[in-house]
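Undergrad: generate coordinates for the sequence data below:
(2 chains)
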Amino acid sequence: MNEDAKMNQVDAMPDPSRRKFLNSAALAGLAGAGLSVGLSACNKESAPAPSAAPAAAPAAAPKAAASDLHLHMKPGELDTYYGVWSGGHSGECRILGLPSGREIKRIPTFNVDCMSGWGITNESKKIIGTRPDGRLKYMTGDTHHIHGSYTDGTFNGKYFWVNDKIHGRLGRIRGDIFECDAITELPNIQGFHGIFPDKRDPVDPAINYTTRVFCGNEFHIPQPNDGRDLDDPTKYFCLFTCVDAETMEVRWQAKIDGNMDLVATSYDGRFAASNQYNTEGGARYEDMMSAEMDACVFFDVARVEQAIKDGKFMTIGSSKVPVVDGTKAANTDPKTALTGYVPVPKNPHGVNASPDGKYFICSGKLSPTCTVIELAKVADWFDGKLDDIRKAVVAEVEVGLGPLHTTFDGRGNAFTTLFLDSQIVKWNVDKAIQFFGGDKNAQYVVDRIDVHYQPGHINASMGETKEADGQFLAVGCKFSKDRFLPVGPMHPENEQLIDIRGEKMVLLADHPVHPEPHDFIIVKRDIIKTKQVGTLDDHPLAVKDAKDSGVFRDGNKVTVKIASLAPAYTLREFELKVGDEVTLILTNLDKVEDLSHGFAIPKYDINFVVNPQETKSVTFKADKPGVFWAYCTHFCHALHLEMRSRMIVRP
Amino acid sequence: MKPLSALRGIAMAAILATVSLLSPPAAAQTAYEAKLPPEVNTAPALCDYVPCTDVLPGATSFSERKGQPPYVEGYAEENGQRKLIGYVVLSTDVTDTPAYSGKPVVTLIGLTPQGHFAGIKILKHSEPILLLGIPESALTKFNDQYLGQFVGANIEIGRSRPEEDMIGLDAISGATVTVIAQNQVMMMSGAAVGRQVGILEATVRPQANFADRGRKLDWATLVKEGAVQRLTVMPEQVGLPRSSEPFIDLWYGYLNHPEVGRAIMGETGWRDLMARIKEGEHALFVIRTGGNESFKGSGFVRGGIYDRVQLRQGQDVFTFRDLDYYNLYGVSAPGAPSFNESAIFIVRSPAFSGAFPWKFIFLGNRIDRETGARTFVNFDREYWLPSAYLEGGRPVVKKPDAPWVRVWKTRAVEIGLFAALLIAVAAVYANRDALTRRSTRKNKWPVNAFKYSAWIISIGFVGFGLLAQPSITQVLTWFHSLLFQWQWELFLTDPFIFLFWIFIILTVFVWGRGLFCGWLCPFGSLSELLYKVGRAIGLKRFQFALPMKWHNRLKWVKYAVFFGLLAVSMFSMGLAEKLAEVEPFKTTFLVGLFNRSWPYTLFAAGLLGLSIFMERPFCKYLCPLGAALAMPSTFRWFGLRRKQECDSCKACAVGCGSLAIDEKGRIDHRECMLCLDCMVLYTDEHACPPLAQERKRRTKAGLALTPIGKDGYYIPIKPVAPAAPRA
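TA: Predicted coordinates for the structure are as follows:
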């Protein structure tokens, strides 16, 4: 089959008939036998093809090759990698042990969690943000992308950032305690999608670590979104945002054309980039897909910040954040341009930086291609040495249907998820460049493997650092269908693990995950350095000595100070009066690692956990008279059941 | 009373009743979660709130808290003068080392001015294990082991190892965490006071100056050069059936050294670790390559302390808390063995220095296979960075002398005097001829002056003073040492007994056992001295000796006693040692007649009382040591002299207090005490019948009384040949 050869098909297809069918269907949409540059393979006819495919597709993973990757951890054995996972619209993040896939921790972030008391304690409420009446500002969140802080091109384990797509917030997770410590709401955006930390400073070479986090903005809205221009989508626009990694304050924003999804940053610190769709500025999906070419927009970070220094910015609405104009129209001269729009076929999705620091790879989504952008050439364009920024594209090759995200093994290979094909394609970047450069014998596709089903994000061990080690990758399959015991209409997602050490990929494991993780990173375990217990002084209100506990009244404002020391609270009982506004401060004075205590107050809808040497507080109104046995909910000691305190609320 | 609380009350009462039934009455008043007045922790007048006099008996007043960490001084009134009689320290003032419960055992500790533990009282503990199951008295009993010990001593849980100057404490089965924590608390508290009041010198170890030659070391090199050490415990060492598979096989090393650290953890791993620990903190790694026993155990989960591993450097013991543990993810040195348990432990103390030797200690359990009882036993191995790893090489470490050397040094004067005594007695005895010739039956003072002096010195100086009473248990120990393992150190630690035995062995083969038994044995001397004194003060008419018939039967009893003990010792040394109480030595000299329970006192006093009326009853019939020495005496080199007539004369047999001369006039050297009475007679021309006869003959014949020769006769008178004319 002639087309097959062009697709650089490899032989090891588990089910050639299905594969050929899909490929034929896909290629039927091509407008010729030539290269598919600029062409979409995802027309309306081919889009439903996978579901229309013959039912011959094998449900089980093909036993194409065996893997000796040590997957099952013997008792006491520790995983070799941390998996840092987003949680989708569960609003949380998660820590997995890899390659075993065991879930070790859930990190409540934008959600409310009654296990830990996240969203219940004053400390967490302050981070999440409250309304004037003290209630949480938002109780929903949608975490998609989680990325770590860098030093010298690799993870340093200090922070992880995650977006909340619903309310446009950026959350930060401390790598030493794996808890969220800051949340920033980005002004004037909706549909906060991609994020990526920078890897070094664009100007100061001494700063070889992360100082900024870049945020893509997907939904274009009237600016400011205060009721104006409701019916004129042409006036809507998106803002690209830069947040300070340390202070979590918004440094600047840039107005751009189109909608942004994922974000990537260059290893040299000069560029941040975001893939774009809907450069058309359409408000309806058919309008959003009308153009054959969208773009990957590059930001010259130093120039943007210089422009702000030079006062070339505006502000939008009540936001004080400086906003530069990054639209195409405002940046026509490459030598002064803040932004450069590299044309990429039709609604691209993921953009990923190769570990060698040379390329950004844009996954075509509606185009069956991956576009390889050479950063040196983008720099040339900004420096006025390249006339057409499109010439920075050094390869644009077909990989399969619905390419979404790409990861790397550090040995020159890219692994791209094919959403529609339910496949991962392994392809060689250099060969793709050769092929694109005219060497039609260059076999850039190395291998393909079926995944189950419809993969979204993909990330290999250390894959987004210059230390990509090519051990294994995880792929987030959006559908699990028949892969797990059925539990009713709602199915878990299926995170699959694939051995990528050899030429052939080997499917290792299926893991059901509570919906719905999107992105994740896989971090070598020795990079993470966690605290074993808290620090008493970290909380200004810590009850540092058992004898400081008591009930302190100031009118109807009551502060209850309690310490916990297994197996008892320092107050056996405490008295309140109906109508009191109570702030209860609990410090866990235990020093033994892992000796956390809970504190639940029945009927008052309160529960939270305090780790050793930490302090947490809750504020509530004593509105119900009676006796309420506050008790420890977190198993702590042989006398855990006896660990309680009587809250007496006098009428 | 509301029904619920009534029920609770009944349940509590039932629990308390059970607890008090199970515990000895003394422990009924429990320190479990005892309510302490809050001032205990802060009040300057500590002793107003806690029973300081309980731990410092005799103190009538106490100072306020002083020093850092705080302690108080205790005083007694003496002649109207206030006199310092010790110190009291509250353990929680020094350390919050949590025990099993995660809370400290609040202990009040009394010290003498010289730094010995004078009293220990648990004020409060939260150990659930001591509320149910193990009686609280067990902890009290454990603490009692410290009484009299020096705060600077090397004390640890496990067996005593006198050769290493290590005092072992019996742990409480099932409460190791508690006692390990308690040991640390006791030693830290004692040392904290000791350093402040000048009893102890503070340990300051200069930190290591590492030599980093930038080498990339593989595992084999690390092991060969001693930068990684191995500690293997075999199953039989912990009472399990012998096996070729180790019980636990551990490797460990000191990670602060750059070459070692990089080899084990890799460059970045090591840098991260060094960045993670503070200046003055030290990291070591441990991996387990064999065995199923965990070196982490599970104590750290509850109490936060790793109860199976420790470090010791000199006096300082370093225990690891859970926060002192980091994961060791792998060993990067090529050739490293695969392992199934690993750890990085951090020593957080400036007292530790990598330049000096230290010991890694695995705290194990030995199971007695018959009883199932567990005893605690430590295994350790020294680690000292090789010289080449340290700039300027290893520092000079003044290792303490072996304990026996210290004893010899500290008691040099007494040892000298004692040796002089032994030599003098031997010299005197070697010249016995001169003394016996000067003595006569009527006047034995030339001999007795020396002998009685020897007795008195033996009783007073050797017996009561040096407690150097040889005993059959030493003979038994030798037998075992000869059979199993001979350790000079074991015998050298008691210099007096050691010298005494050299003397005994030499003299038994030269002259027979009599020189020791008759001249120097403290108990024998006391026994015979009593007899002589009895005779001198007019009790002679009550004094008696057994008829020879009975004597000859009963003298074998001591041999039976000896062989009985020897036989028992083959099965149980412990039982044999108990049965060796047939020797009244311990009661008489080592412990004191009035310090023992009445059966012992009665026995010893009875024997001594009998000695007034009968010469050496114990020595003759019971003494197993005498029996043991009697047998080789058969082969003595020099016996006492006999004459032809002796086999018929037997005049000396009448005066032989030891009943050692038989009806044929032969001296039984197994029974002979070398009193030399018969030797006095031997040359006494008035008392020795053959000699007296000759004297009378010569006197009658007008012959000269020539000197008495060696054979006990007058030197015969022979005509002197005329001198040959000179050629």
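Undergrad: please make it C-alpha for all contacts and neighbour counts, starting now.
TA: Will do.
Undergrad: contact residues of the stretch 301-450 of chain B facing chain A?
TA: Residues of the stretch 301-450 of chain B found near chain A (CA under 8 Å from any CA of the partner chain) are B:Val301, B:Arg302, B:Gly303, B:Gly304, B:Asp322, B:Leu323, B:Tyr329, B:Asn340.
Undergrad: switch to 7 Å and redo it
TA: Proximity of the stretch 301-450 of chain B to chain A, by CA under 7 Å from any CA of the partner chain, involves residues B:Gly303, B:Gly304, B:Asp322, B:Leu323.
Undergrad: wait, the second one touches B:Asp322, no?
TA: Yes: with contact defined as CA atoms under 7 Å, B:Gly304 and B:Asp322 form a contacting pair (5.0 Å).
Undergrad: sketch out the low-pLDDT regions of the stretch 601-727 of chain B for me.
TA: By pLDDT under 70, the low-scoring segments of the stretch 601-727 of chain B are B:720-727.
Undergrad: burial of the closest residue to chain A within it, as a residue count?
TA: Nearest to chain A in the stretch 601-727 of chain B, going by CA to the nearest CA, is B:Thr601, at a distance of 52.2 Å. When neighbours are defined as other CA atoms under 10 Å in any protein chain shown, B:Thr601 has 18 of them.
Undergrad: could you measure from it over to B:Thr587?
TA: Distance, B:Thr601 to B:Thr587, using CA to CA, to the nearest Å: 7 Å.
Undergrad: same question for B:Arg321.
TA: According to CA to CA, B:Arg321 and B:Thr587 sit 48 Å apart.
Undergrad: before we move on, what about A:Asp383?
TA: 105 Å.
Undergrad: do A:Asp300 as well
TA: Counting by CA to CA, the gap from A:Asp300 to B:Thr587 is 98 Å.
Undergrad: with A:Lys524 instead?
TA: Plainly put, A:Lys524 is 71 Å away from B:Thr587 if you go by CA to CA.
Undergrad: what's the domain layout of chain A?
TA: Domain assignment for chain A by automatic domain parsing gives A:2-52, A:536-650.
Undergrad: can you flag the weakest of those by average pLDDT?
TA: Note on these: lowest mean pLDDT is at domain A:2-52, with a mean of 39.
Undergrad: what about the strand or helix carrying A:Ile95 and chain B, touching?
TA: Per DSSP states H and E: A:Ile95 is located in strand A:92-98. No: figure legend: strand A:92-98 not in contact with chain B (CA under 7 Å from any CA); closest approach 13.7 Å.
Undergrad: that strand pairs with which strands?
TA: Strand A:92-98 has the following strand partners under DSSP bridges: strand A:81-86 (antiparallel), strand A:102-108 (antiparallel).
Undergrad: how distant is that strand from the center of its chain?
TA: 12 Å (CA atoms, centre = their mean, to the nearest Å).
Undergrad: go on, stretch B:663-671?
TA: The answer for stretch B:663-671 is 41 Å, by CA atoms, centre = their mean.
Undergrad: buried residues, it. List them.
TA: Buried residues in stretch B:663-671, defined by neighbour count with 16 or more other CA atoms under 10 Å in any protein chain shown: B:Gly665, B:Arg666, B:Ile667, B:Asp668, B:His669, B:Arg670, B:Glu671.
Undergrad: cool, stretch A:221-229 as well?
TA: Under the neighbour-count rule (16+ other CA under 10 Å), stretch A:221-229 has A:Ile221, A:Pro222, A:Gln223, A:Pro224 buried.
Undergrad: before we move on, what about stretch B:227-238?
TA: For stretch B:227-238, by 16+ other CA under 10 Å, it's B:Ala227, B:Val228, B:Gln229, B:Arg230, B:Leu231, B:Thr232, B:Val233, B:Met234, B:Pro235, B:Gln237, B:Val238.
Undergrad: please list the residues of chain B that sit near chain A.
TA: B:Gly102, B:Gly303, B:Gly304, B:Asp322, B:Leu323.
Undergrad: quick one: residues contacting the residue nearest the centre of chain A.
TA: For chain A, A:His145 is the residue whose C-alpha lies nearest the centre (CA atoms, centre = their mean; 1.0 Å). The neighbours of A:His145, taking CA atoms under 7 Å, 6 or more residues apart in numbering or on different chains as the test, are A:Ser86, A:Val162, A:Asn163, A:Gly194, A:Ile195, A:His518, A:Asp519, A:Phe520.
Undergrad: so which strand or helix has it?
TA: strand A:143-151.
Undergrad: what's the helix or strand just after that strand in contact with?
TA: Per DSSP H and E, the first helix or strand lying C-terminal to strand A:143-151 is strand A:154-164. Identification of contacts with strand A:154-164 by CA under 7 Å, 6+ apart yields A:141-150, A:169-176, A:192-193, A:195, A:465-467, A:527-528.
Undergrad: how much space between the residue of chain A found nearest chain B and B:Asp322?
TA: Distance from chain B to each residue of chain A (CA to the nearest CA) is smallest for A:Val592, at 5.2 Å. According to CA to CA, A:Val592 stands 7 Å off from B:Asp322.
Undergrad: where do the contact lists of the two overlap?
TA: Joint contacts of A:Val592 and B:Asp322 (CA under 7 Å, 6+ apart) are B:Gly304.
Undergrad: returning to what we had before: how about the strand holding A:Ile95 as CSV, C-alpha atoms only?
TA: Taking C-alpha atoms only, strand A:92-98 is exported to CSV below (Å, rounded to 0.1, in the frame of the first residue of the first chain):
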residue,chain,number,x,y,z
GLU,A,92,-6.6,17.5,43.8
CYS,A,93,-3.1,16.2,43.0
ARG,A,94,-1.7,12.8,43.7
ILE,A,95,1.6,11.2,44.4
LEU,A,96,2.2,7.7,43.0
GLY,A,97,5.1,5.4,43.5
LEU,A,98,6.4,4.2,40.2
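Undergrad: got a list of contacts for that strand?
TA: By CA under 7 Å, 6+ apart, strand A:92-98 touches A:79-87, A:102-111, A:143.
Undergrad: would you map out the domains in chain B?
TA: The record's domain parsing of chain B by automatic domain parsing lists B:24-197, B:219-389, B:406-641.
Undergrad: tell me which parts of chain A are close to chain B?
TA: A:Gln532, A:Val592, A:Glu593.
Undergrad: and B:Val508, helix, strand or coil?
TA: When classified by DSSP: H, G, I helix; E, B strand; the rest coil, B:Val508 comes out as helix.
Undergrad: what is the burial count for A:Lys481?
TA: Applying other CA under 10 Å, we find 16 residues neighbouring A:Lys481.
Undergrad: name the nearest residue to it, ignoring sequence neighbours.
TA: For A:Lys481, ignoring the flanking residues on the chain, the nearest one in space by CA to CA, 6 or more residues apart in numbering or on different chains is A:His491 at 6.6 Å.
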